[in-house]
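1. take this sequence and fold it.
(chains A and B)
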Amino acid sequence: MAVNDTLESTHKIIESAREQQPNLNPLAPTVNDFNQELTTLNLGPTHPATHGIFQNILQMDGERIISGVPTIGYIHRAFEKIAERRPFYQITTLTDRMNYCSSPINNFGWHMTVEKLLGVEVPKRAQYIRVILMELARITDHLICNGILGVDTGAFTGFLYLMDEREKVYEIYEEVSGARLTTNMGRVGGMERDFSDIAIAKLRAWLKTFPAVMREFETMFNRNRIFMDRIVDVGAISAERALNYGFTGPNLRAAGVDYDVRVMNPYSSYQDFDFEIPVGTKGDTYDRFMVRNEEIWQSLRIIEQALENLPAGPYHADAPHFYLPPKQAVYQNMEALIYHFKIVMGEIDAPVGEVYHSVEGGNGELGFYLVSDGGRTPYRLHFRRPCFIYYQAYTEMVVGQTLSDAIVTLSSMNVIAGELDA
Amino acid sequence: MADQNESIPAQEQAAAQDPAAQQNAQLLALLNRLFGEAAFTDVEESYGLLTVTTTREQIHGIIAGLQKDEELQLNFLTTLCGMHWPAQEGRELGIVYHLHSLTRNIRLRLKIFFPIADPVAPTLTDLYAAANWMEREAFDFYGIIFPGHPNLMRILNVEDMDYHPMRKEYALEDGTREDKTDQFFGR
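-> Here you go, the predicted model:
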């Protein structure tokens, strides 16, 4: 293989460079040595192709990457620290800002964690509404990732075409929560409001039009000669390495491991739905692209089933200690006023305990490890952010490849800076 | 007979009915067989997830053993995070490990504690590549030192920060402010 030959020769170059410069820090190759013709390239922190604020200091032999040092933390906002001072319901807005391409999944994942701690049983209707919204979020997340992969290989049309569809999903979010990107959707105990008729109508209309758009997108990309030449066998990772690196989500499934939290530890009634987990074989960029495309179809299947069988009933649990009463009732009803006051002022204590809950986020297993000491805020809250864990493998995946391959690998891994840095 | 029934611990009675508790009891029995009962203290099932506490001297051997074990295949490191309990004298700092067996769908939580004056814990980077950044994060937030870690630098905060911000002594708000009291709001 040509790649390996080049890799071997580049390794020789590095070895001789090390001998000549014994003090060269292997982790920060910032020395430009013109005799060895090695170049140091700063990819990021603000580069349009990284789609987020993070830096890679790459050492290049011509077009080929010899080593890389990732630097992250550019948008670190200390969410875990801030969460230690916020009541549970105020932490939802922090989760919005992690993976902002699929905020509803983060919101509901957090709510489910708190519900597990409190022992609140959420009614079926709320669970189904959550499933619909989480799957919509997964679709938008994958649309962005695959659309941008197209942009990075020079095909802008697909991206713009898909953005139009994402906009329609955001309109459904608006009906349900009032917000578009950082949704702050739902509440601890269920939904903040029920699906309105407009929301249902918009959802049904979108379900009618979207499959045609998706098919068109797939026709344009899936077997496209130019596109495949650019991404097949690029940035591959074996299943074994992926597991060792803690990969989850589509990136792990592309490597051939069928781990999906929705199936292995079903939450929010996912066991009621019939869907498949697509897996790849090689774990390369093409497999990641194809797995995401197929997951969009599976998400559509879930949404259709959930909408078809949407149960009647309340859209939130009967948990007055944690679920804010309707504002109108607060003005007219004594109990509602008391509960409203107690919730907002944080007079209600949570049970002591520790709970780990994970959901299948857009990028993989999004986990919440919550330690409660009985106060109104968490004693410790740790977010298991899939991006943060699998981005470690990026250097290993791109060493020996060209710079343009590194860009498409980065896009296809769907690294979201907000989730990476939290 | 009635006396005997009462003498059975509540946990075992629950185990007879709940499949999750049954699985945890089996897992605990296996852990005790593999590493000895003395290795684990504070065994509990917090919301169905078996949680055991061990020591920093043993943790590396246990996680390595679990990774290799054919029967359990607890070979996926879900996450690892530090924590700080200032009130526990001699065991102020801790690390919590979440392990997962993707083949058998078993989860296990392991904890270690150690004094804040000696914040040293063994690195798992030789077992899991994923542990690299997780340990850097624990170092960054809590100042836990992992000897043998290939690149123990701060990861999310700036390099020249001279404290470890997730420790409990650093209140989130400016401690010098006098216009706000914590009498009604917050901790």
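
2. got phi/psi on whatever residue of chain A ends up closest to chain B?
-> Nearest to chain B in chain A, going by Cβ to the nearest Cβ, is A:Gly246, at a distance of 3.1 Å. Where C-beta positions appear, they are placed from N, C-alpha and C, glycine not excepted. Dihedral angles of A:Gly246 (phi, psi; degrees, to the nearest 10) stand at phi 70, psi 30.

3. now for it, how many residues are close by?
-> When counting by other Cβ atoms under 10 Å in any protein chain shown, one arrives at 29 neighbours for A:Gly246.

4. got the contact list for the residue lying closest to it once chain neighbours are set aside?
-> In space, and not counting its chain neighbours, A:Gly246 is closest to B:Ala130: 3.1 Å by Cβ to Cβ, 6 or more residues apart in numbering or on different chains. Contact analysis of B:Ala130 by Cβ atoms under 8 Å, 6 or more residues apart in numbering or on different chains lists A:244-246, A:389, A:392, B:77.

5. and if you look at A:Gly158?
-> Taking Cβ under 8 Å, 6+ apart as the test, what A:Gly158 contacts is A:146-147, A:150, A:217, A:220-221.

6. give me the residue at the spatial middle of chain B.
-> Geometric centre of chain B, nearest residue: B:Val96, 1.7 Å, by Cα atoms, centre = their mean.

7. ok, what's across the strand from that one?
-> With DSSP bridges as the criterion, B:Val96 is bridged to B:Cys81, B:Lys111.

8. mind listing what it touches?
-> With the criterion set at Cβ under 8 Å, 6+ apart, B:Val96 makes contact with A:369, A:382, B:80-83, B:109-111.

9. how about 7 Å then?
-> Listed by Cβ atoms under 7 Å, 6 or more residues apart in numbering or on different chains, the contact set of B:Val96 reads A:369, B:81, B:83, B:109, B:111.

10. out of the contacts of B:Ala130, which is nearest to A:Arg180?
-> A:Ile389 (28.1 Å; Cβ to Cβ).

11. can you give me phi and psi for B:Leu124?
-> Per degrees, to the nearest 10, the backbone of B:Leu124 is at phi -110, psi 10.

12. thinking again about what came up before, only whichever of the contacts of B:Val96 are buried, select them in ChimeraX.
-> In ChimeraX, this line selects whichever of those come out buried by 16 or more other Cβ atoms under 10 Å in any protein chain shown:
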select /A:369 /B:81,83,109,111
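
13. tell me the one of the contacts of B:Val96 nearest B:Asp140?
-> The closest of the contacts of B:Val96, once distances to B:Asp140 are taken by Cβ to Cβ, is B:Cys81, at 11.4 Å.

14. wait, isn't that closest one in contact with A:Leu381?
-> No: with contacts counted by Cβ atoms under 7 Å, B:Cys81 stays clear of A:Leu381, the gap being 9.7 Å.

15. what sits against the residue of chain A closest to chain B?
-> Here A:Gly246 is in contact with A:389-390, B:77, B:130 (Cβ under 7 Å, 6+ apart).

16. columns distance to B:Leu49 and secondary structure on top of the residues you listed, output as JSON lines?
-> Formatted as JSON lines, the contacts of A:Gly246 follow (distance: Cβ to Cβ, whole Å; DSSP: H, G, I helix; E, B strand; the rest coil):
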{"residue": "A:Ile389", "distance to B:Leu49": "19", "secondary structure": "helix"}
{"residue": "A:Tyr390", "distance to B:Leu49": "23", "secondary structure": "helix"}
{"residue": "B:Leu77", "distance to B:Leu49": "15", "secondary structure": "strand"}
{"residue": "B:Ala130", "distance to B:Leu49": "20", "secondary structure": "coil"}
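
17. where does A:Ala350 land on pLDDT?
-> pLDDT for A:Ala350: 87.

18. OK, contacts around it?
-> Applying Cβ under 7 Å, 6+ apart to A:Ala350 gives the contacts A:117-118, A:372, A:374.

19. can you list the domains in chain A?
-> Using automatic domain parsing, the domain parsing of chain A gives A:2-71, A:79-318+A:348-384.

20. and among those domains, the most buried is which?
-> domain A:79-318+A:348-384 (a mean of 20; mean count of other Cβ atoms under 10 Å in any protein chain shown).

21. quick one: that domain to chain centroid distance?
-> Relative to its chain's centre, domain A:79-318+A:348-384 lies at 7 Å (Cα atoms, centre = their mean, to the nearest Å).

22. same check on stretch B:105-124?
-> 5 Å.

23. what pLDDT does residue 119 get?
-> All of this is about chain A. 91.

24. switch to chain B, that's the one I care about
-> 93.

25. pretty sure it contacts B:Phe146?
-> No: the criterion here is Cβ under 7 Å, and B:Pro119 misses it with B:Phe146 at 9.8 Å.

26. can you pull the residues of chain A lying near chain B?
-> Counting by Cβ under 7 Å from any Cβ of the partner chain, chain A comes close to chain B at A:27, A:72-73, A:76, A:78, A:80-82, A:84-85, A:116, A:243-246, A:259, A:264, A:353-356, A:365, A:367, A:369, A:375, A:377, A:380, A:382, A:384, A:388-389, A:392, A:421.

27. among those residues, which lie within strands?
-> A:353-356, A:365, A:367, A:369, A:380, A:382, A:384 (DSSP state E).

28. what is the helix or strand containing B:Arg136 packed up against?
-> In this assignment (DSSP states H and E), B:Arg136 forms part of helix B:131-142. On a contact count with 3 or more Cβ pairs under 7 Å, 6 or more residues apart in numbering or on different chains; DSSP states H and E, helix B:131-142 meets strand B:76-84.

29. give me the angle between the strand it packs on and strand A:380-384.
-> 150 degrees (axes from the mean of the first three to the mean of the last three Cα atoms, to 10 degrees).

30. need the contact partners of strand B:76-84.
-> A:243, A:246, A:365, A:367, A:369, A:380, A:382, A:384, B:92-102, B:128, B:130-131, B:134-135, B:138, B:141-142, B:144, B:166-168.

31. and if we set it to 8 Å?
-> Outside strand B:76-84, the residues touching it (Cβ under 8 Å, 6+ apart) are A:243, A:246, A:358, A:365, A:367, A:369, A:371, A:380, A:382, A:384, A:389, B:63, B:92-102, B:107, B:116, B:124, B:127-128, B:130-131, B:134-135, B:137-138, B:141-142, B:144, B:166-168.

32. mean confidence score for that strand?
-> Rounded mean pLDDT across strand B:76-84 is 94.

33. quick one: distance of it to the chain centre.
-> On Cα atoms, centre = their mean, the centre of strand B:76-84 falls 6 Å from the chain's centre.

34. compute the inter-axis angle for that strand and helix B:131-142.
-> Using the same axes, to 10 degrees: strand B:76-84 against helix B:131-142 is 10 degrees.
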